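Novice: sequence unknown, structure follows:
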Ligand SMILES: Cc1ncc(COP(=O)(O)O)c(C=O)c1O
């Protein structure tokens, strides 16, 4: 077996099941689950209809690159949404079966563990005739693993992808002190020289933080200097509070900064949250044509072409915005109600996120004790923040926080907020 598998951590929801083992939830309260970030609003009927209307497609093998119709609907969506030129559907856009599999697969395609590319800059890759073979081999074997940088707390797929690609994850803590931003300026030159891939998540899970143009500018400068690839996870991009201010996207930032070739930048997007179809498994990857060409080749072998009926339904979903605006309205309603309740009595410091559907809430004492107590006494399930983060730079930056996913119906979210308040008042 691949020994790197042994480095994989159990998923946060497994940790949650372990935390609740042997704990009986209050039987006088109906269960409310705000732990999983699974959208629960109804799937729009026209998407389900497009799916069933296209079942004839099951008679054909789909291509890995996906239909032209789907790639065109994605490319046009990117252009409309981010105010950028329509990406080239032959070289810059690939549909994927949800962004999760693509975020994972991407590291497998990008990371180079053969050593030569890992020699610190400015040391150039050895040329034929330079040094003897044995010392070269020794240098390669002894060179440190490539680094994959990710935010912390973070979506755990980044870590597993890095480990299984033979890389070493490096976590940048996002905390209230740094306004939940990744502190790229604090990364040493030596670390950057070993870095091959940086995952960013904007809007962030769990903090909802959106990267600003100046954050992107700095990251692009670093990528130019150290040649690492940027994987921009934007699966929450369509869940935002202000209709007039959608979150800035990676491609949009690049185009605004004159980088219209999207050099070393690839974005990951998804219909799961945007269109309430997490079960359909549909998203896309778009960006740097040179990287996309190799990624597509990799995917051909991985064998992850999208079901033709799903392709047709996805094209219909990307072509429509009305259902997405309605989706946002429902989340806005829940955020307004829940934050107002949680602020009553001034016992909890509630900060509205820039975007996404999570509340990242500071709680008194241990986050896992809070989650366990709330489950036991009020039958509300939420996720301890420390389960979403790793100890890095001396702390677990998720410690003391809980994540509430406002995915349940409005009434259930309101009821949960009241119970959280009651529980907090007793602490
Ligand atoms: C930050 C982040 N990225 C990616 C995903 C994957 O979403 P999907 O595979 O449904 O596109 C999720 C799912 O919850 C997520 O939270």
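Specialist: Looks like it arrived, so ask away. As the structure is a computational prediction, the values presented were derived from the model and not from experiment.

Novice: Check the offset of stretch 370-382 from the chain's centre.
Specialist: Mean-position distance between stretch 370-382 and its chain equals 26 Å (Cα atoms, centre = their mean, to the nearest Å).

Novice: actually stretch 241-255, not the one I typed
Specialist: Distance of stretch 241-255 from its chain centroid, counting by Cα atoms, centre = their mean, is 16 Å.

Novice: near the ligand at all, that stretch?
Specialist: No: Stretch 241-255 lies out of reach of the ligand by Cβ under 6 Å from any ligand atom, never closer than 13.1 Å. The way it works is simple: take the backbone N, C-alpha and C, and place the C-beta from them, glycine included.

Novice: List the neighbours of that stretch that are in contact with it.
Specialist: Applying Cβ atoms under 8 Å, 6 or more residues apart in numbering, the contact partners of stretch 241-255 are 78, 81-85, 87, 200, 202-203, 210-213, 216-217, 220, 230, 232, 234, 236-238, 240, 260, 262-263, 265, 267, 286-287, 325, 328, 331-332, 335, 352, 354-355.

Novice: Now the terminal residues of that stretch, how far apart.
Specialist: Taking Cα to Cα, to the nearest Å, stretch 241-255 runs 24 Å from one end to the other.

Novice: hey, where'd the helices end up in the chain?
Specialist: Per DSSP state H, the chain carries helices over the ranges 12-20, 45-53, 68-82, 99-110, 133-142, 157-164, 189-194, 213-226, 250-256, 289-302, 308-318, 322-343, 367-378, 410-426.

Novice: picking up where we left off before, give the buried subset of the contacts of stretch 241-255 as a PyMOL selection command.
Specialist: Filtering these down to the buried ones (16 or more other Cβ atoms under 10 Å) takes a single PyMOL command:
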select buried, resi 78+81+82+84+87+200+202+203+210+211+216+220+230+232+234+236+237+238+240+262+263+265+267+286+287+328+331+335+354+355
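
Novice: that older thread, and of the helices of the chain, who's closest to residue 277?
Specialist: Nearest of the helices of the chain to residue 277, taken as Cβ to Cβ: helix 45-53 at 6.1 Å.

Novice: now that closest one and helix 322-343, what's the angle there?
Specialist: If you take axes from the mean of the first three to the mean of the last three Cα atoms, to 10 degrees, helix 45-53 sits at 130 degrees to helix 322-343.

Novice: Touching helix 45-53 from outside, list them.
Specialist: 275, 277, 280, 309-310, 312-313, 315-317, 320, 323.

Novice: Show me which pair in those residues is furthest apart.
Specialist: 309 and 323 (18.9 Å).

Novice: With mean pLDDT added, can I get the helices of the chain in TSV?
Specialist: Formatted as TSV, those follow (pLDDT from 0 to 100):
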stretch	mean pLDDT
helix 12-20	96
helix 45-53	98
helix 68-82	98
helix 99-110	98
helix 133-142	66
helix 157-164	97
helix 189-194	94
helix 213-226	98
helix 250-256	98
helix 289-302	98
helix 308-318	98
helix 322-343	98
helix 367-378	98
helix 410-426	96
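
Novice: okay if I get the ones you listed as a markdown table plus distance to residue 3?
Specialist: Converted to a markdown table, these look like this (distance: least, Cβ to Cβ, whole Å):
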| stretch | distance to residue 3 |
| --- | --- |
| helix 12-20 | 21 |
| helix 45-53 | 41 |
| helix 68-82 | 38 |
| helix 99-110 | 16 |
| helix 133-142 | 16 |
| helix 157-164 | 10 |
| helix 189-194 | 21 |
| helix 213-226 | 28 |
| helix 250-256 | 34 |
| helix 289-302 | 21 |
| helix 308-318 | 35 |
| helix 322-343 | 42 |
| helix 367-378 | 30 |
| helix 410-426 | 42 |
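
Novice: ok, now which ones touch residue 424?
Specialist: Residue 424 makes contact with 347-348, 363-364, according to Cβ under 8 Å, 6+ apart.

Novice: Show the buried residues in the residues you listed.
Specialist: Buried by 16+ other Cβ under 10 Å: 348, 363, out of these.

Novice: For the contacts of residue 424, give me JSON lines that also has distance to residue 249 and pLDDT.
Specialist: As requested, these are exported to JSON lines (distance: Cβ to Cβ, whole Å; pLDDT from 0 to 100):
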{"residue": "347", "distance to residue 249": "37", "pLDDT": "86"}
{"residue": "348", "distance to residue 249": "32", "pLDDT": "91"}
{"residue": "363", "distance to residue 249": "32", "pLDDT": "97"}
{"residue": "364", "distance to residue 249": "37", "pLDDT": "95"}
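
Novice: ok, and which of the contacts of residue 424 reach the ligand?
Specialist: The subset of these within reach of the ligand, counting by Cβ under 6 Å from any ligand atom, is empty.

Novice: So which of the contacts of helix 45-53 wins on neighbours?
Specialist: residue 313 (27 neighbours; other Cβ atoms under 10 Å).

Novice: any idea how far it lies from residue 337?
Specialist: 32 Å (Cβ to Cβ, to the nearest Å).

Novice: Can you redo the contacts of helix 45-53 as a markdown table, where the extra columns are distance to the ligand?
Specialist: Below are the contacts of helix 45-53 laid out as a markdown table (distance: Cβ to the nearest ligand atom, whole Å):
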| residue | distance to the ligand |
| --- | --- |
| 275 | 11 |
| 277 | 9 |
| 280 | 9 |
| 309 | 18 |
| 310 | 13 |
| 312 | 18 |
| 313 | 15 |
| 315 | 17 |
| 316 | 17 |
| 317 | 13 |
| 320 | 18 |
| 323 | 17 |
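
Novice: give the contact list for the most centrally placed residue in the chain.
Specialist: The residue lying closest to the centre of the chain (Cα atoms, centre = their mean) is residue 233, at 4.4 Å. Residue 233 makes contact with 99, 103, 155, 158, 199-202, 268, according to Cβ under 8 Å, 6+ apart.

Novice: thinking again about what came up before, let me know which of the helices of the chain is the nearest to residue 34.
Specialist: It's helix 410-426; of those, that one is closest to residue 34 (Cβ to Cβ) at 5.8 Å.

Novice: Fine, thanks again, bye for now.
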